[in-house]
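# 3D model of this:
(chains A and B)
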2 protein chains.
Amino acid sequence: MSRIAALLETLAPIGRNEQGGYDRLAWTDADAAMRAWFLAEATDLGLETEVDRNGNLWAHWRLRPGAGLIVGSHLDSVPNGGPLDGPLGIASAFAAIRSLQEAGASPGSTVSVVAFVDEEGGRFGLACLGSRLLTGAVDPERARALVDRDGVRLDDAMRAAGLDPDALGPEPERVRGSYLELHVEQGHLPVDGSGAAGLAAAGAPLGVLTGIWPHGRWRIDLPGQANHAGTTPMADRDDPVVRAAAVVLAAREAALAEDALATVGRIDVEPGAVNAIAGRASLWLDVRGPDEARIRRVVDAVAAVAGVAPTEESWTGETAFAAEDARPLPAVIRELTGADAPTLPSGAGHDAGVLRAAGASVAMLAVRNPSGISHAPGESAELPDIELGVAALALVMQRVSAYSVQA
Amino acid sequence: MSRIAALLETLAPIGRNEQGGYDRLAWTDADAAMRAWFLAEATDLGLETEVDRNGNLWAHWRLRPGAGLIVGSHLDSVPNGGPLDGPLGIASAFAAIRSLQEAGASPGSTVSVVAFVDEEGGRFGLACLGSRLLTGAVDPERARALVDRDGVRLDDAMRAAGLDPDALGPEPERVRGSYLELHVEQGHLPVDGSGAAGLAAAGAPLGVLTGIWPHGRWRIDLPGQANHAGTTPMADRDDPVVRAAAVVLAAREAALAEDALATVGRIDVEPGAVNAIAGRASLWLDVRGPDEARIRRVVDAVAAVAGVAPTEESWTGETAFAAEDARPLPAVIRELTGADAPTLPSGAGHDAGVLRAAGASVAMLAVRNPSGISHAPGESAELPDIELGVAALALVMQRVSAYSVQA
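The predicted model follows:
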């Protein structure tokens, strides 16, 4: 069994639920188990580990002065997520380091592995929290006051996990080096310069991500008149669930018209009784697309149907990665596959996007996902593709860090 | 202040929430406070109180052999319900007894007040639980195993409230007498033989209910493919929330076409993440109408849109009250208002319907509700109408029970 296969097998049971999906939300027991695995594996590799003030985990190989190469991703998942979104990048980095060590190689500058905390925002609602805190993109005071569905504050959750929430704050000097994130492909987005949707259609095991689509999230609170389900004539009703249904369909229509993506993944109905017309319905609208104008048009179309102004809960403009930051990824992929590396956008947000917005040098490598399914139990990649990803990471480490190979 | 006004004022703070609605679900602290009030007020009236094996509360005035008159309703509410649905019937019965006692009257046969437990089914999902257990319409074993949203079993909730769930079981001999329930009007349903919708439009403070519309509840589980909201093309999606939206709109269309009532008051979306296409959505469909055929056509139309067969969670056929059981209500109302008593159906289920289905003699008296709003904070009735309802109860008690008035 290859090293990466063994590492993924080790992680397979952690946070796995009865549906075969993964619940590894930030600061839960499953997250703690993932973090313990990170520290154990890093230590086994002889790396120097540390936890930064925001809870991000670091493992340094041959700490040296000057900017180095940082390879990373995250360990947390969305609720009932897949096995690879996040952990694949970390495990691949460790496997790449192991293969270089076994070949007797040693980096000329520091190679670090980082696991950013709470990338999904699946528990406290704010994605990329670890990298946002690190770069100063979110105020520590706001972060500490975030509350999960059960009313637990982030600072209390961190404290329960043995961290000190009072230490939260920016440490931008940590990402002066180049940041490289390997990630399982998500969806089948259009591959640049080809008619193919996704790496599978393009016949490519690996691809280079060119940036992250703009993305916003809106909350829509629909008022209504609660009433008895058995006694209120249909014509007299002011039913927020009916309005919510119209909003959901309008969002889909508008997204299709604009070649964008619109999703309602959460609806809260109050009071939620089976025999009462609801008094209020709230829904969350996630919209993404190739450019901001399309997204705004989708939201405007939805607002017209909703009859209320959506509340913008988050907005992230387009993040374009710089082609020069991806060096030497295309050459490495060509070397490994014998073909030019396809480039494609990401519809999902990533810590790489946050770091890039803060001025860091970032690149992302995508590993083919045959079904495109992500954030769900069906998320997968073939082992040979994953092993190719590990080989690519190892080659990049060698090229960027002026490795020496011991006799 | 009239006696009934004082009683309603006493109840006003119990279980009242910040929205001005009432949370008095079965076996909660608020329910316990309502039950304590019942026993205290009955004792103050010199009535003999008892709790039957199913937790229903009884207060007997002058226990005598033979069938008597039972006046009752319930004390629990739906989540965020109104102040009157249930408690108005109990408080009015106590106020009527008080007025008769003050006039020196004494019944020739037993007059009992009953508060049936858990009428709304707002916590454990099964309506009219107290009367169903009493009449043997539900198996005690099934009742004990009912589970609320937090996973609490009914038997544990009863035990925590000091009751013995092992004692649950039928006691049909308790309802050999005539049962009369005073209830706030719910909705504005068509008044028989007039074009009026509801008592307000008919210009009548009181009405006689002729029976309860047939009523069913269905659960519809919509499958889907969970996926990433930012990476899955609209055309590739299998989104159960979109299907749920179509079902909600189809239910409304079908109900309008059939002159029936259809309501979706609860939707559960899994996993309910703001940035993920859901993997499953479940919704509950409540359908009622003047006859079964219309209801079945509504459900069939919804099923065709849903693409799955709805699961029937409950079905109650039409319950017609016998006109002779309402004696002497029409005469009493004519005496009090100078006009013939309007008759109208009930779209809501009641313990009276359960008792009627078990062969008991039942009648229901409705008190005008200007807005028609029920099961919501806006539920109301004017005090003069309520006082007329109390007067009607007192007159019925006199007529039915061969009262003597002491000198």
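# where's whichever residue of the stretch 51-200 of chain A sits closest to chain B, which helix or strand?
With Cβ to the nearest Cβ, the shortest gap between the stretch 51-200 of chain A and chain B falls at A:Gly187, namely 2.7 Å. Where you see a C-beta, it was placed from the backbone N, CA and C, and this is true even at glycine. If you go by DSSP states H and E, A:Gly187 is not part of any helix or strand.
# point out the residues in the stretch 1-150 of chain A that sit beside chain B.
A:21, A:78-81, A:120-122, A:125, A:127 (Cβ under 8 Å from any Cβ of the partner chain).
# can you map out the helices along chain A?
Per DSSP state H, chain A carries helices over the ranges A:3-11, A:29-44, A:87-102, A:129-135, A:140-144, A:154-160, A:199-202, A:240-258, A:292-306, A:329-337, A:351-357, A:383-400.
# need those in a markdown table with mean neighbour count and mean pLDDT, can you?
Output for those, formatted as a markdown table (neighbours: other Cβ atoms under 10 Å in any protein chain shown; pLDDT from 0 to 100):
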| stretch | mean neighbour count | mean pLDDT |
| --- | --- | --- |
| helix A:3-11 | 17 | 97 |
| helix A:29-44 | 18 | 98 |
| helix A:87-102 | 24 | 97 |
| helix A:129-135 | 28 | 97 |
| helix A:140-144 | 15 | 96 |
| helix A:154-160 | 19 | 96 |
| helix A:199-202 | 20 | 96 |
| helix A:240-258 | 22 | 98 |
| helix A:292-306 | 19 | 98 |
| helix A:329-337 | 18 | 96 |
| helix A:351-357 | 27 | 94 |
| helix A:383-400 | 21 | 95 |
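# ok so, going back, what's the farthest-apart pair in the residues of the stretch 1-150 of chain A next to chain B?
With Cβ to Cβ as the measure, no two of these lie farther apart than A:Gly21 and A:Gly125, at 19.6 Å.
# more neighbours: the two, which one.
Taking other Cβ atoms under 10 Å in any protein chain shown, A:Gly21 and A:Gly125 do not tie; A:Gly21 has more neighbours (23 against 19).
# returning to what we had before: not counting sequence-adjacent ones, nearest residue to the residue of the stretch 51-200 of chain A closest to chain B?
Closest residue to A:Gly187 apart from its sequence neighbours, by Cβ to Cβ, 6 or more residues apart in numbering or on different chains: B:Thr231 at 2.7 Å.
# for the one you found, what are its contacts?
B:Thr231 makes contact with A:186-189, A:261, A:346-348, A:372, A:374 under the criterion Cβ atoms under 8 Å, 6 or more residues apart in numbering or on different chains.
# now with 10 Å?
A:185-189, A:198, A:213, A:261, A:288, A:345-348, A:369, A:372-375, B:277 (Cβ atoms under 10 Å, 6 or more residues apart in numbering or on different chains).
# can you check A:Val175 too?
By Cβ under 10 Å, 6+ apart, the residues touching A:Val175 are A:67, A:70, A:72, A:112, A:114, A:131, A:134-135, A:351, A:354-356, A:358-362.
# same question for stretch A:272-280, mean pLDDT?
Stretch A:272-280 comes out with an average pLDDT of 91.
# which pLDDT value goes with the residue of chain A most remote from its centre?
Residue farthest from the centre of chain A, counting by Cα atoms, centre = their mean, is A:Thr231 at 47.4 Å. pLDDT recorded at A:Thr231 is 88.
# phi first, then psi, for it.
phi -130, psi 0 (degrees, to the nearest 10).
# A:Ile212: neighbouring residues, count only.
As a burial measure, A:Ile212 scores 26 neighbours (other Cβ under 10 Å).
# now it, which residues is it bridged with?
Residues in a beta bridge with A:Ile212, per DSSP bridges, are A:Thr319, A:Ser346.
# for it, which residues are in contact?
By Cβ under 10 Å, 6+ apart, the contact set of A:Ile212 is A:288, A:316-321, A:345-350, A:352-354, A:356-357, A:364, B:230.
# and for A:Ile4?
With the criterion set at Cβ under 10 Å, 6+ apart, A:Ile4 makes contact with A:88, A:91-92, A:94-96, A:98-99, A:383, A:386-387, A:389-391, A:393.
# please enumerate the strands of the stretch 101-250 of chain A.
A:105-106, A:111-116, A:178-184, A:206-212, A:215-223, A:227-228 (DSSP state E, counting those that start in this stretch).
# do I have it right that A:Leu129 meets A:Ala143?
Yes: if you go by Cβ atoms under 10 Å, A:Leu129 and A:Ala143 touch, sitting 6.3 Å apart.
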